[in-house]
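Participant: got a predicted model here, sequence first, then my questions.
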Amino acid sequence: MAVEERRANVLINKAGGTAGPKGKSYRVALPPSWAKQLGVTEADREVLLQFDGECITIRRAADPGYSAFLNAARERGHELLLLHYYEGDTLCTKICADKTARQLAIQNLVTDPLTTAFGVNDAPDWADWEAFLESRCVPRQRDGLPRYLARLGLEEYDPLAIIRKTEGRMAEDACWLKILEG
């Protein structure tokens, strides 16, 4: 998707509430089509703002389901594996795999299903997880697989072990995985 760019004026108003006498508030109006594409509605309008010193990014706020799942699994002492799925430098999907309960939670940070870990599936199950891991590895049927595994220092085909060595990088796309321990 091409980056759309528009010029806008920052609205500067005197701040109210508990702000001091010289307090100001700064606002920018978003084009309605952008807000709609972002999924902002009157009932669901929470967004996340990020500022890197030069650029402000606005995106949908984190899905509370992902955070709630992560926190609940940690409280129960479950073994977790956290992964970040990237396309190039863009973090597209956060994945929390609860290995104890064999359950999964994801948080998509982009709207294009072609760049998310599970495409249009926003509620993947454990079988989807296992298929996803294999999709980020050399196929099991590959000719010369034992030599390939030996070069990686592996004795058997284990998708997660392969991804730990290769970051799940494949020749056909710019996607990769960063593994964070739970």
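Facilitator: Thanks, I have it.
Participant: who does residue 59 form a beta bridge with?
Facilitator: residue 48 (DSSP bridges).
Participant: so it makes contact with residue 46?
Facilitator: No: counting by C-beta atoms under 8 Å, residue 59 stays clear of residue 46, with 10.7 Å between them. Placement of C-beta: from N, CA and C, glycine included.
Participant: ranges for the strands of the protein?
Facilitator: Ranges of strands in the chain, per DSSP state E, are 11-14, 24-27, 47-51, 56-60, 80-87, 90-98, 103-108, 175-181.
Participant: can you redo those strands as TSV with mean neighbour count and mean pLDDT?
Facilitator: Below are the strands of the chain laid out as TSV (neighbours: other C-beta atoms under 10 Å; pLDDT from 0 to 100):
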stretch	mean neighbour count	mean pLDDT
strand 11-14	10	90
strand 24-27	10	90
strand 47-51	10	81
strand 56-60	13	81
strand 80-87	19	96
strand 90-98	20	95
strand 103-108	21	94
strand 175-181	15	92
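Participant: any chance of these in JSON lines, with distance to residue 147 too?
Facilitator: JSON lines is the format used below for the strands of the chain (distance: least, C-beta to C-beta, whole Å):
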{"stretch": "strand 11-14", "distance to residue 147": "64"}
{"stretch": "strand 24-27", "distance to residue 147": "60"}
{"stretch": "strand 47-51", "distance to residue 147": "44"}
{"stretch": "strand 56-60", "distance to residue 147": "43"}
{"stretch": "strand 80-87", "distance to residue 147": "27"}
{"stretch": "strand 90-98", "distance to residue 147": "29"}
{"stretch": "strand 103-108", "distance to residue 147": "33"}
{"stretch": "strand 175-181", "distance to residue 147": "23"}
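Participant: so for residue 74, which of these sits nearest?
Facilitator: strand 80-87 (6.9 Å; C-beta to C-beta).
Participant: count of residues packed around residue 113?
Facilitator: 14 (other C-beta atoms under 10 Å).
Participant: what sits up against the longest helix belonging to the chain?
Facilitator: Looking across the chain with DSSP state H, the single longest helix is helix 64-75. For helix 64-75, contacts defined as C-beta atoms under 8 Å, 6 or more residues apart in numbering pick out 80, 82, 94, 96, 98, 100-101, 103, 105-107, 182.
Participant: just the closest of these to residue 145, please.
Facilitator: residue 82 (28.4 Å).
Participant: and residue 74, how many neighbours?
Facilitator: That count, for residue 74 with other C-beta under 10 Å as the rule, works out to 13.
Participant: can you pull the contacts of the residue nearest to the spatial centre of the chain?
Facilitator: The residue lying closest to the centre of the chain (C-alpha atoms, centre = their mean) is residue 93, at 2.1 Å. Residues in contact with residue 93 (C-beta under 8 Å, 6+ apart) are 84-85, 106-110, 116-118.
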